[in-house]
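# Provided below for reference: sequence and predicted model.
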Amino acid sequence: MVTTTLRRVCILVSSIAVSYTLTYPPASAAEFKPMDNSVRIRLMKGLTPTFGGPQLEYVIDVDGTLDEATVRYEKYPLGKINPQPIETKETTIKGDQLTQLLVNAESLHSLPCQPEPHNDDAFGHDIAIFAQLPGRAPWMNGRGQGCAVNNDWDEESIQDSFRVNSEEQDKFKQIADHIHQTAQQVLSTDS
């Protein structure tokens with residue numbers, strides 16, 4: 001009963017976090033739409049606590065299907081609260097590059113997620129990632145992101161999600177770097 005209640009609470013928190021993600025920063029890509037083979041990855045860099053909300057350096061959105069997705073990059077001016085992007089690029093990604101990106105995003109599920117929105121950034125690096133892949137519960141971290149609960153988690157797993165060791169921090173950073181590098185590579189090739 002306690003486990004079921006905790007799952008319901010975390011699912012509710014997850015719903016609130018997804019809602020927050022859709023409203024800040026201003027969503028430039030389509031809203032999250034569940035489809036059988038849909039994929040959505042959002043990486044936000046530069047999150048810092050302020051009274052007016054997070055400050056962003058850049059946002060990378062990957063939105064599409066397992067076959068082809070749109071990569072969108074938005075750069076924001078530093079030091080501004082709720083700014084508009086100063087640079088925007090968009091292209092498509094498919095084939096091996098998309099497959100590599102999805103394999104990396106899938107490996108996020110081996111990492112713990114943070115159980116509450118606006119929690120401290122346990123992974124460090126001021127990076128938040130949202131990943132929604134076919135057949136998986138969404139995975140989220142970081143300030144303003146919250147926790148996506150895998151339906152198989154038990155109460156102990158939820159409590160353990162507070163702790164992140166240095167190996168997990170390093171793995172998270174490697175995944176984030178790969179997402180950023182792949183997006184930059186695809187966008188520069190398309191230019």
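Yep, it's here.

# Sort out which residues of stretch 84-93 are buried, please.
Buried residues in stretch 84-93, counting neighbours by 16 or more other CB atoms under 10 Å, are found at 85, 89, 91, 93. The C-beta positions use only the backbone N, C-alpha and C, and glycine is treated the same way.

# lowest-pLDDT helix or strand in the protein?
Least confident helix or strand of the chain, by mean pLDDT, DSSP states H and E, is helix 2-23 with a mean of 38.

# hey, where'd the helices end up in this protein?
With helices called from DSSP state H, the chain shows them at 2-23, 95-106, 155-160, 166-190.

# Give me the contact list for the longest one.
Right, helix 166-190. Residues from elsewhere that reach helix 166-190, judged by CB atoms under 8 Å, 6 or more residues apart in numbering: 41, 43, 45, 60, 62, 71, 73, 89-93, 97, 100-101, 104-105, 107-108, 110-112, 122-125, 127, 129, 141, 164.

# List the buried residues for it?
Buried residues in helix 166-190, counted by 16+ other CB under 10 Å: 171-172, 175-176, 178-180, 182-183, 186-187.

# Put together TSV for the residues you listed, with pLDDT on each row.
Formatted as TSV, the buried residues of helix 166-190 follow (pLDDT from 0 to 100):
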residue	pLDDT
K171	92
F172	90
I175	94
A176	93
H178	95
I179	95
H180	94
T182	94
A183	94
V186	93
L187	93
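
# Wait, T70 touches T91, no?
Yes. Between T70 and T91 a contact is recorded at 7.4 Å, counting by CB atoms under 8 Å.

# between the two, what contacts are shared?
Both T70 and T91 lack any common contact, where contact means CB under 8 Å, 6+ apart.

# one step back: out of the buried residues of helix 166-190, which comes closest to D36?
The closest of these to D36 turns out to be I179 (CB to CB; 23.0 Å).

# what's the distance between the closest one and L187?
Between I179 and L187 the distance is 12 Å, computed by CB to CB, to the nearest Å.

# wait, what's in contact with G95?
Per CB under 8 Å, 6+ apart, neighbours of G95: none.

# should've said S107
Under the criterion of CB under 8 Å, 6+ apart, the neighbours of S107 are 171, 175.

# try it again with 10 Å
By CB atoms under 10 Å, 6 or more residues apart in numbering, S107 lies in contact with 131, 139, 171-172, 174-175, 178.

# and what of S110?
So S110 contacts 139, 168, 171, 175 (CB under 10 Å, 6+ apart).

# ok, it to I86 distance?
Distance from S110 to I86, by CB to CB: 35 Å.

# now the contacts of S107 in TSV, with distance to Q55?
Output for the contacts of S107, formatted as TSV (distance: CB to CB, whole Å):
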residue	distance to Q55
A131	23
W139	24
K171	26
F172	21
Q174	24
I175	23
H178	24
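
# Could you report the neighbour count for D67?
The burial count assigned to D67 is 10, neighbours taken as other CB atoms under 10 Å.
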